[in-house]
Structures are given as structure tokens and as C-alpha cells.
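Enquirer: Provided below are the primary sequence and the corresponding predicted coordinates.
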Amino acid sequence: MALLEASALHASYGQTRVLHGVSFAMEEGTITTLLGANGAGKTTTLRALCGMVRTEGEVRFNGARIDGRATEDIVRLGIAHVPDGRGTFLNLTTEENLRLGAYSRKDRGAVEEDLERVYGYFPRLKERHAQQAGTLSGGEQQMLAVSRGLMLRPKLMLLDEPSFGLSPLIVKELFGILRAVNERERVSLLVVEQNAAMALDLADHAYLIETGRVVLSGTADDIKRDDAVRRSYLGY
Amino acid sequence: MSRRQLIVLVVVIAAACALPFLVSNYRTFQFTLVLIYSVALLGLNILTGFNGQISLGHGAFYAIGAYCTAVLMDKFGVPYWATLPVAGAVCLVAGFLFGLPALRLEGLYLALATFALGVSLPQLLKYHQFEKWTGGVQGIVIPKPEAPFGLPLKPDQWLYFFTLAVTLVMFALAWNLLRGRVGRALVAIRDQHVAAEAMGVNNAIYKSLAFGVSAMYTGIAGALGAIAVQFVAPDSFNIFLSIVFLVGIVIGGLASISGAIYGALFIQFVPNIADEISKAAPWAIFGIFLIGFVYLMPLGVAGALRMAVARLGRKRHNF
Amino acid sequence: MDAFIHQVLAGLATGGIYASLALALVMIYKATNHLNFAQGEMAMFSTYLAWTMVNAGMGYWPAFLLTVLLAFVLGVVIERVIIRPIENAPVLAVVVVFIGLLVIFNSVTGWIYTYTIKTFPSPFPKEPLFGQKYMSSHEIGAIGVTLVVVLLLYAFFRFTPLGLAMRAAAQNPESARLVGIRVGWMLALGWGLAAAIGGVGGMMVAPIVYLDPNMMGGVLLYAFAAALVGGIDNPGGAVFGGFLVGVLENVLGAFVIGNELKLAVALVLIIGVLVVRPSGFFGKVLVTRV
């Protein structure tokens, strides 16, 4: 049984339909990336999975339907969403942001453990733990957003353009940590990215979305070698 | 206006003229009050319904108009009919002046500022420095006008016709104003003020004028009210008067001229019926209707009627 | 000089009550961006509930606590049932609903309890504390109660997970949902707390102005002025504003404009702050200009 499965997913903002029957699936423990140009519908796909837009079609998590449910209930099933724009609580401290990530968890003791672990991945956050989150740099806020997601101890983490606005060096660091998290803690990742090259290096599988439809799918290696993708998205 | 609408209007006016001869004195008086409230509601509607500026303190302009009339008649012997233009002019200026600082206030904050005005008004009216003009807490009593030129009309009937004439004039003016460019500008400012400004509508002038005209209408209603009730006193102009006006335009229909009449009928007659249950009942009913209408009939009675008629397959212009 | 000190101290006492109500107003504003015009009447209604209990023989403090609890529940219910459906409605619709609530609470209270004025007990002794002549024990007690409420609230928001969640939900509802916070219930909780605080304010003011369905009209106006002066989105500012407005009201009323025009102080403050400096002393809110 796939961890996450979307079937014929449509999504609309008001009267405008943005997704036209997107279907894909993810196995547990894998990293999948959704690629596409600006406006293709990648962010909308993630939002649709979390119930943040009006949808038609089915979404299943561990076999159970989650479409039509409230965002906060979907999150409580173990799906962390690192949104586009990071969604930081700017007026709260770094540590408060992190603790909020664990808000819905019942296992209080393990939360402290996870906090230490997250500080282990991102020592800079530990340094700034009492600082107001709005004063962190872009890269630090991205690390904070990812860490907040990890504090949920999720089974699945959705990341929306984690490389946005970050220098290549930091992106490399971040993606390295994402891979470590995936391998060590068996957190499945669904990563939406415009930076196709780095995403395809990280992921096991990939889907290409154009104007609200899946136009190509396969393993990351296959997609990397695809001519059309190489020309349009990888630049060579 | 379509021919059908014109016919309806003529019939209604004819019925209105026939009314005082068909019902008791007391009923005639009640309908006089309905007319007065409809002018007041039309005033509030111009500001809040058409132009989107929320006023929770319109009772203040009603009070100013009423006191103008009372003071002019009582202290200066001005005949009742001559006090109306004065009351109107004073309120036009007062409204415009209040509208100027109000330009900087968006929805909620304007509601708060006008709410503050409405709540503090009775205290302002009772202020002892003004007492020799306003009559202080006891207020001022004014005599009822008699029919002129020896017309064979009882005072209540004459009052009714006088009020009816003024009401018709005020409604005609408003209809003319709101139907044309001014009306469209007001609505444009209400719905999309940034776009309106970009299209060349001078928001500041229109909004302040809307305040002024709106105050003028409610002030003239207040003047008529003083003449009808023959009495002004500070405690009749508390926040609940402003709230009554709000009830009237919500029930009658925002941004609707005919809505002013439906609303006036509601606020005049519902308390009469409800009073029999309990003294507190009218307000409980007003409150429930306010909330109920927001959920169920946000366009008010006028809007509901409009939709019902449209659904019956006939065309109807915005009235 | 004595008279001045007396006015200032009495002003601090009423100021504490304004601060309580202003705090309630700010809480709801921060969470929902709405001004609760019905806050005063809700507080008044809660005070009447307390009166009923005390009259039935319950001790003051048990009645006090039970009233706070009932007020809390009332706030939660109103948010869930009446406010929730119009969360995204235009401003005018929301204002109309709040006015509707104001009117319903006022009239229902008048219906049940009639409009005759009643006395409401104070839990503090009748003799002035320490035999001094500046403040009655109730006035000192009211300030004390206000400070306790403010401290408890501060501790709740600063140190508890639920308080943190409420702050998060108010600041960024979408992100709050993404960490599993049930934002709707956070709003209801905020309303409950605001109603409870308002109830405390009502019970503190009733012994001074006597219990009557219209007792909170002026108080609400002062509370609005206080909230604006302090900054409509700043709870600490609301407390500061409350004490400031209380003192101003008393001092200006006694020495400058006379007691009759005291409400005008609130009116001038409200319009003045809105026009000159809408964010008050400590607020961050930007009132958009046309």
C-alpha cells in the first residue's frame, strides 16, 4: 500500500480551476519530487493534499482518505507541511516556533529529545533559540521551517520550494540534511522544486507538472536523462 | 423609471394621501412618524448603504435637527416650516465637518468613532452651559402646528400632509442624486475605493459630501420629529436611537431607497406590537432581527422583494 | 492637593476596571480583527448572574468564580454559534451582528431582572484599609484584582503551550493549522477568556455604580478609549491605557470640565487617537488611509 496516493485530484481557487486531475503515488521511506515551471500547479498540489484549497478527487494517506478533511486534522495524522514562504511565526522566538511544531503530539518527553536532535542538525538554530524568528536570515528561517516540520515526528513531510532564495551552498547543506533525515528517521519526503537539478539529485522518484497536469513520471534517474526535461528544466 | 414603476408610485402616493381620512388620528400620527423615520433612514442609507461608511451615531444628527427646530421655535419664534431649511443646513455643515476627520478612518474605526458620539451625546446635550438654549434635562416643549389658510384639516392630518410633502421632496432629490453619476461614484468608493480613486473619483470630496448630505437628511427628519412629537429632551437621543436607525436600514435594505420605507414601517410598528409582551421585548426582537437578517436576508426586505419579483420573471430596475 | 491625590487614586481604581474591559477588547481584536461592541453588555449580564447567585445565598467568592466560569462558557458559545459563520463577512455585517448582541443582552437582562437598580456586594471590607482616607478598600481591591488578572493572563500566554498556540493562531492562522492547531477553537477560547475578564470587570464596577442593565455603556466607551490609547493590538498597552483613562477622567472631571461631561473625555480620546495616532502608544496596527 502506498504511503500517499492522489487520484484525479482537481483543485480550484474560487472559480479558477488550477489542477486538472493530478495523480501520483509515493511509497513509504522514499523521496519524491514534483517539478515544474512557475505557475504549473506544484504549490497548489501540496496545498490540495493538506486541505488548504477546494478539491475534487481522492487523496489517500496510508490507505485512508484525507481529502475534504480540515488541515489541522490532516497534520495530526503525521503529515508535516513546510509551506512556500516558510510560514514562520515571525513574532515568536525560534524555540517557540519549534515547540509549536510539536504542539499536536502527546509524547511530551520525546519532544525534548527531538528538540535536541533538531538543534543537532541545525546548530545555528540553537544559537539563536531565544531570538525573534523574524530577525533570522532567509536561510535560517528555511532551516527553522524544516525543523518545525521535523518536530512533528512526521511520517511524511511536504516541502514547498525549500531552495527558494537560498545560496547554492546552503541549499546543498539543507538537502544533505533532508537526505539524512530520510535515511535515519524514515521520514518520507515530497519536495516541490523549481531547482530541478538539485531536486533530482535528492529524490528517488519525480513527477513533472505542467499547467495543472502530470506530464511525465518515473525514477529520478530516468527523468534526469529525459531529453525534453534536460532541455527545458536542466538547461543542457 | 419604467412605466410599471411609475404606476406603482402614483398608486402608493394616492393611497398615502387618502390615508388620514380613512384612519384614526392616532394611526395618522403613527404614519407621520413612519414618514419621518423613512427620511432619517434614507439619510443613513446614503452614507452606510451606498457609500459604505458605517455610522453608529446618526442619532446625533437627528438630535441636532430636532434641537435646531425646538430652539428656533421656542426662543426665536420662528415658524415651524422655516426651521426645516435651517436644520438641514446646520446638519449639512455638521455632517461635512465630521466627515473630514472621518476620511482617515476605515470601516471598523469609523463605526467606533460614531459609536462614541452616539453614547456620549445625551451627556453633551445635558451640559449645563448650554442649558439656557437646550432646556437642560427637561428639554423643550413646542406647540403643534395648525393647518394654514383655514384648511378644514385637523392638526394631526395637516402634520401628516406637511410631512408627506417634505418626504416626497427628499426622496425625489435622493433618487435623482443616487441614480446618476453621484450615486455610482458613492457605490464605487464603497466597493473598491482604490480603483475608484484611480479612475478619477475624488474620494475625499465624495465621502465628506456623503456625510454632509446624509446628516442633512437625518437632521431634517429630526426637525420634523420634534414638530410631530412636540418635545425634545436629551435622553431621547441616546445610543439606542442610533441603533434603531441601524436596524431600520438593515431590515429595510442597504443601498435601497424603497428600503427606507420598509425599515421605517418596521421600526415604528414592531415595538407597538412587541410592547404587549414586555417592555424589553422590542429590543430583544430588534437584536434578533439584526442578527437574523445578516444571516438570512442580507439585502433586507427591499432586496428580498427585488429578487422575488425578478424570479417571477419580470424585469425590475434597481429602485 | 489632597483632592487631587484622591481623584488620581480613585481614577486608578476605576482605571483598573477599564483596563480589564480594554484587555478583553484587545484580546478579541488581536485574534479576530473585530471590535466587540457587545463586550460591555456581556460583562453586565455576567454580573447579573453573579448577583442571582449571591442573592440565592451563595458566598461571594464561590459566586465570583462560578460567574467567571459561566462567562467563559458564554464567550465560547457565542463565538462558535454566532461569530463563526460570519468570520469572513464584510465589516458592516460583523458590526451589525455585534450591535445585535449588544441589544439582545441589554434587553434580555432588563426583561429577566427589570430595570430597577440593585446593589451588588463588594468582597472587600467597608472600612478603608489602614485607616487612610484616600481610597476605599473596594477601590484598592479592584486595582488588586485587575493586577492579578493581568498577571495570570500574562503567565498563561507566555508560559503555557495553550497560550503559545493561541498567540500563534492569532498571528498566523494558516501556519497555525500547519502545526495542527485547531484555530477555530483557539478563537473560541479567546472569546471565552475575554468574556471572563469582562465579567470580572463588571463585578468590580457594580458595587461602585450599582447594578442596572445600562451600567456598562459608559464603561465600554472608556474601555475602547483605553484600548485605543494603549494600542488596539497591545494587551499591556490596554492595561496602561485603562489606568491612564481612569485618572484622566477623574482629574479632568473634577478640575477642568466638570463631572457632567466626563463621557466627552472618552469621545475626544477616541476620535483624537484615531485621527492623530491610530496605533496609540504601543500598538503596531496601521489604519489604512484612503
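Expert: Cool, the structure landed. Numbering: from 1, shown residues only, chains lettered A, B, ... in the order given.
Enquirer: ramachandran coordinates for whichever residue of chain C sits closest to chain A?
Expert: Per C-beta to the nearest C-beta, C:G180 is where chain C lies closest to chain A, at 3.2 Å. Where C-beta positions appear, they are placed from N, C-alpha and C, glycine not excepted. Main-chain torsions, C:G180, degrees, to the nearest 10: phi 90, psi 10.
Enquirer: isn't C:A170 right up against C:I181?
Expert: No - look at C:A170 against C:I181 with C-beta atoms under 8 Å: they stay out of range, at 10.6 Å.
Enquirer: so which of the two has more stuff around it?
Expert: A count of neighbours by other C-beta atoms under 10 Å in any protein chain shown puts C:I181 above the other of C:A170 and C:I181, at 25 against 22.
Enquirer: the longest helix belonging to chain C packs against which elements?
Expert: Of all the segments assigned as helix in chain C under DSSP state H, the longest by residue count is helix C:2-32. When contacts are defined as 3 or more C-beta pairs under 8 Å, 6 or more residues apart in numbering or on different chains; DSSP states H and E, helix C:2-32 packs onto helix C:39-55, helix C:137-159, helix C:161-171, helix C:183-209, helix C:216-230, helix C:235-255.
Enquirer: ok, and which of those has the densest surroundings?
Expert: Compared across those, helix C:216-230 shows the largest average neighbour count, a mean of 29 (mean count of other C-beta atoms under 10 Å in any protein chain shown).
Enquirer: show me the contacts for the residue of chain C most remote from its centre.
Expert: Within chain C, the residue lying farthest from the chain centre (C-alpha atoms, centre = their mean) is C:L178, at 32.0 Å. By C-beta atoms under 8 Å, 6 or more residues apart in numbering or on different chains, the residues touching C:L178 are A:C50, A:T71, A:V75, A:A80, A:H81, A:P83, A:G87.
Enquirer: need the residues that contact stretch B:141-156.
Expert: Residues from elsewhere that reach stretch B:141-156, judged by C-beta under 8 Å, 6+ apart: B:20, B:25, B:28-29, B:32, B:69-70, B:73-74, B:80-81, B:157-159, B:161-162, B:226-227, B:230-232.
Enquirer: for stretch C:276-287, that is, sorry about that
Expert: Residues contacting stretch C:276-287 (C-beta under 8 Å, 6+ apart): B:104-106, B:109, C:227-234, C:236-237, C:240-241, C:273-274.
Enquirer: helices or strands up against the helix or strand containing A:I170?
Expert: Assessed by DSSP states H and E, A:I170 sits inside helix A:168-185. Packing contacts for helix A:168-185, counted by 3+ C-beta pairs under 8 Å, 6+ apart, involve strand A:31-35, helix A:108-121, helix A:138-150, strand A:188-193, helix A:196-202.
Enquirer: what packs against the first one?
Expert: Packing contacts for strand A:31-35, counted by 3+ C-beta pairs under 8 Å, 6+ apart, involve strand A:16-26, helix A:42-49, helix A:168-185, strand A:188-193, helix A:196-202, strand A:205-210.
Enquirer: what do you get if the cut-off is 6 Å, keeping everything else the same?
Expert: strand A:188-193, helix A:196-202, strand A:205-210 (3 or more C-beta pairs under 6 Å, 6 or more residues apart in numbering or on different chains; DSSP states H and E).
Enquirer: figure out how far the first one is from the centre of its chain.
Expert: Here the centre of strand A:188-193 is set off from its chain's centre by 5 Å, with C-alpha atoms, centre = their mean, to the nearest Å.
Enquirer: over to stretch B:182-189?
Expert: With C-alpha atoms, centre = their mean, you get 20 Å for stretch B:182-189.
Enquirer: ok, the residue in chain A that chain B sits nearest to - contacts?
Expert: In chain A, the residue that lies nearest chain B is A:G14 (17.0 Å; C-beta to the nearest C-beta). By C-beta atoms under 6 Å, 6 or more residues apart in numbering or on different chains, the contact set of A:G14 is empty.
Enquirer: now stretch A:115-128: buried residues?
Expert: Applying a neighbour-count criterion of 16 or more other C-beta atoms under 10 Å in any protein chain shown, one finds A:L115, A:R117, A:V118, A:Y119, A:Y121, A:F122, A:L125, A:R128 buried in stretch A:115-128.
Enquirer: can you pick out the most distant pair from the residues you listed?
Expert: Using C-beta to C-beta, the pair of the buried residues of stretch A:115-128 lying farthest apart is A:R117 and A:R128, separated by 17.1 Å.
Enquirer: in the stretch 151-300 of chain B, which residue sits nearest chain A?
Expert: B:Q192 (17.0 Å).
Enquirer: what about the residue lying closest to the residue of chain C closest to chain A once chain neighbours are set aside, how many residues nearby?
Expert: Once flanking residues are discounted, C:G180 sits nearest to A:S104: 3.2 Å by C-beta to C-beta, 6 or more residues apart in numbering or on different chains. A total of 18 residues lie near A:S104 under the criterion other C-beta under 10 Å.
Enquirer: helix, strand or coil for A:S104?
Expert: coil (DSSP: H, G, I helix; E, B strand; the rest coil).
Enquirer: my guess is it contacts A:L77. True?
Expert: No - between A:S104 and A:L77 there is no contact under C-beta atoms under 6 Å: 9.8 Å.
Enquirer: one step back: list the buried residues of the helix holding A:I170.
Expert: For helix A:168-185, by 16+ other C-beta under 10 Å, it's A:I170, A:V171, A:E173, A:L174, A:F175, A:I177, A:L178, A:V181, A:N182.
Enquirer: distance of the closest residue in space to the fifth one that isn't next to it in sequence from A:V82?
Expert: Across the structure, with C-beta to C-beta, 6+ apart as the measure, the residue nearest A:F175 apart from its sequence neighbours is A:L202 (5.0 Å). Taking C-beta to C-beta, to the nearest Å as the measure, A:L202 falls 14 Å from A:V82.
Enquirer: brilliant, that's me finished.
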